[in-house]
Structures are given as C-alpha cells and as structure tokens.
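Colleague: No letters, just coordinates:
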C-alpha cells in the first residue's frame with residue numbers, strides 16, 4: 001500500500017473516532033432522576049397506616065384506603081403547615097368514620113413511625129446498581145413527593161446503606177409543587193445544572209411517567225401497575241428489576 005494512502009486512511013480513522021467521541025459526549029447520560037419509595041426500597045408507610053385503620057373501620061379494603069387517602073396525602077405535600085397527621089384527621093372525619101379513631105392514631109403515632117422505618121427494605125440489585133452508576137460518573141437524583149425537605153430525608157438513607165450513592169434529593173416541600181408539575185422537574189434540572197436530553201426519569205405512577213414524557217424526558221417504567229395505561233411508553237422501556245435501568249445509560 002502506498003505510504004501516503006496509508007497515512008491518509010489513518011488520518012480519516014482518527015477524525016472519525018474524534019467525531020464519534022464528540023457525538024457520544026453530546027448524548028451521554030449525566031444523571032437519572034427517580035422516585036424514591038417503591039423504586040429504591042419497598043415502602044410500607046401506607047400498609048402500616050392501613051393496618052391500623054382497618055382495625056377500627058369495618059370492610060375497609062387497602063385499595064379503597066389508598067384511593068381515598070391520596071388527596072389528603074397530596075395536600076400534606078402541597079400545603080405548608082398541613083401535616084400527615086392533619087391528613088389522617090381529615091380523612092377520618094370527612095369520611096364520617098368514628099372520631100375516636102384519630103385519638104387512638106395519635107397515641108400510636110410513635111410506634112407506627114418505628115414500624116414504617118423498620119419495614120423499609122432495599123430492593124434487589126439497587127445498591128450494586130447505584131455503585132455502578134457512581135463508578136461511571138452518572139448522578140442518581142431522588143425526586144420525591146415526601147412532606148419533608150431533602151436535607152432531612154437524606155439521613156433516612158443511611159441505615160439502608162444508600163446515602164453516599166444518591167447525589168441529590170429534591171422533595172415537593174423544597175419545590176412547592178409535586179411531580180409531574182413542570183416546576184418540580186425544572187427545579188431538579190436547574191439545581192444540578194442538567195438538560196433534559198442528559199437525563200432520564202424512572203417512575204412507577206402513570207401520572208408522573210406521563211407528565212415527564214410530555215415534558216420531553218426519556219422515561220423508564222419500573223415496579224408499575226400493569227393495569228395502568230402506559231401505552232405511551234415503548235415496551236423496551238418497561239423493566240421489572242432495578243439493574244435493568246443500566247441499559248439506558250449512555251456513557
């Protein structure tokens with residue numbers, strides 16, 4: 001082969017590799033935004049409260065409780081000064097349940113808090129996957145509708161062994177809005193100097209996934225209810241186990 005031709009081919013390959021690396025850098029994943037409870041760990045908060053209430057409210061099913069309590073729980077996230085205890089009180093009184101139940105609830109409140117935290121179990125493969133993401137330099141950001149600020153929520157990850165693996169925690173209390181409000185997602189992006197095409201969102205609720213999708217995010221459904229309408233998400237973006245999210249990471 002002619003030496004000049006050989007050098008020219010090497011030069012072309014070099015330029016092609018530079019272009020490829022530049023393109024990969026442009027489209028690389030810098031962070032994953034994800035819900036916390038039911039994604040990283042099994043959350044027993046609702047189950048513990050339901051177990052208590054069902055002792056006093058005949059024929060109360062978990063499904064009916066979850067649906068009925070949701071607007072009150074959402075209000076506790078959105079309205080400053082309106083606590084979870086206020087939500088439980090209003091749920092009991094506005095549904096004409098026996099008012100004495102709330103008194104029993106307040107007496108048992110501390111014990112239920114202990115039960116809720118004891119019953120949190122990290123899901124299979126979560127810790128190893130978060131370690132791999134950290135190794136790759138990909139931020140894992142928890143976006144939660146919890147009623148406490150992110151700085152107060154972080155210590156709750158310590159006993160689960162996840163605190164050092166989560167880059168940031170943003171709660172609806174920090175933002176003043178819940179997912180999928182654009183204000184929430186914009187706050188997460190702005191606070192971490194990110195763009196939409198540099199992240200993807202992992203969730204399990206239809207409304208959050210749909211909201212993120214309509215705002216231009218790549219979305220991945222995990223631990224979702226198959227009865228929900230997730231037809232807007234391609235089948236390859238519906239996964240069953242947490243480690244499977246790694247296949248969507250571009251580095």
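Modeller: Looks like it came in fine. Fair warning: this is a prediction, and the values are worked out from it, not measured in the lab. Numbering: from 1, shown residues only.

Colleague: The protein: strands as residue ranges?
Modeller: For the chain, the strands defined by DSSP state E cover 31-34, 41-42, 121-122, 139-144, 168-171, 199-203, 218-222, 238-239.

Colleague: Columns mean neighbour count and mean pLDDT on top of these, output as CSV?
Modeller: In short, each C-beta sits where N, CA and C put it, glycine included. CSV is the format used below for those (neighbours: other CB atoms under 10 Å; pLDDT from 0 to 100):
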stretch, mean neighbour count, mean pLDDT
strand 31-34, 24, 97
strand 41-42, 16, 79
strand 121-122, 14, 84
strand 139-144, 23, 95
strand 168-171, 21, 94
strand 199-203, 25, 96
strand 218-222, 22, 95
strand 238-239, 17, 96
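
Colleague: Now render the ones you listed as CSV, adding distance to residue 95.
Modeller: Formatted as CSV, these follow (distance: least, CB to CB, whole Å):
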stretch, distance to residue 95
strand 31-34, 33
strand 41-42, 27
strand 121-122, 31
strand 139-144, 27
strand 168-171, 27
strand 199-203, 29
strand 218-222, 32
strand 238-239, 35
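
Colleague: Tell me who's in contact with residue 238.
Modeller: Residues counted as contacts of residue 238 (CB atoms under 8 Å, 6 or more residues apart in numbering) are 220-221, 224, 230.

Colleague: Between the strands of the chain, which one is closest to residue 210.
Modeller: strand 218-222 (8.4 Å; CB to CB).

Colleague: Okay, now the sheet partners of that closest one, with direction.
Modeller: Strand 218-222 pairs in its sheet with strand 199-203 (parallel), strand 238-239 (parallel), by DSSP bridges.

Colleague: before we move on, the earlier item: which of the contacts of residue 238 sit farthest apart?
Modeller: For the contacts of residue 238, and using CB to CB, no pair is farther apart than 220 and 230, which are 10.8 Å apart.

Colleague: Tell me the buried residues in stretch 154-173?
Modeller: For stretch 154-173, the neighbour count (16 or more other CB atoms under 10 Å) marks 156-157, 160, 162, 165-173 as buried.

Colleague: which one of these sits closest to residue 75?
Modeller: The nearest member of these to residue 75, counting by CB to CB, is residue 172 at 11.2 Å.

Colleague: Look up how far residue 180 lies from the residue nearest the centre of the chain.
Modeller: Here the mean C-alpha position of the chain is nearest to the C-alpha of residue 35 (CA atoms, centre = their mean), at a distance of 0.4 Å. Per CB to CB, to the nearest Å, residue 35 is found 11 Å from residue 180.

Colleague: ditto for residue 150
Modeller: In terms of CB to CB, residue 150 sits 18 Å off from residue 180.

Colleague: if we can go back for a sec, turn the buried residues of stretch 154-173 into TSV, columns for distance to residue 30.
Modeller: Formatted as TSV, those follow (distance: CB to CB, whole Å):
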residue	distance to residue 30
156	25
157	21
160	24
162	20
165	16
166	15
167	10
168	12
169	17
170	16
171	21
172	23
173	25
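
Colleague: still on that earlier bit, now the contacts of residue 238 as CSV including distance to residue 46?
Modeller: As requested, the contacts of residue 238 are exported to CSV (distance: CB to CB, whole Å):
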residue, distance to residue 46
220, 23
221, 20
224, 17
230, 21
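
Colleague: for the protein, which spans come out with low pLDDT?
Modeller: Across the chain, the ranges flagged by pLDDT under 70 are 1-27, 43-45, 77, 110-119.

Colleague: what do you get if the cut-off is 50, keeping everything else the same?
Modeller: 23-25 (pLDDT under 50).
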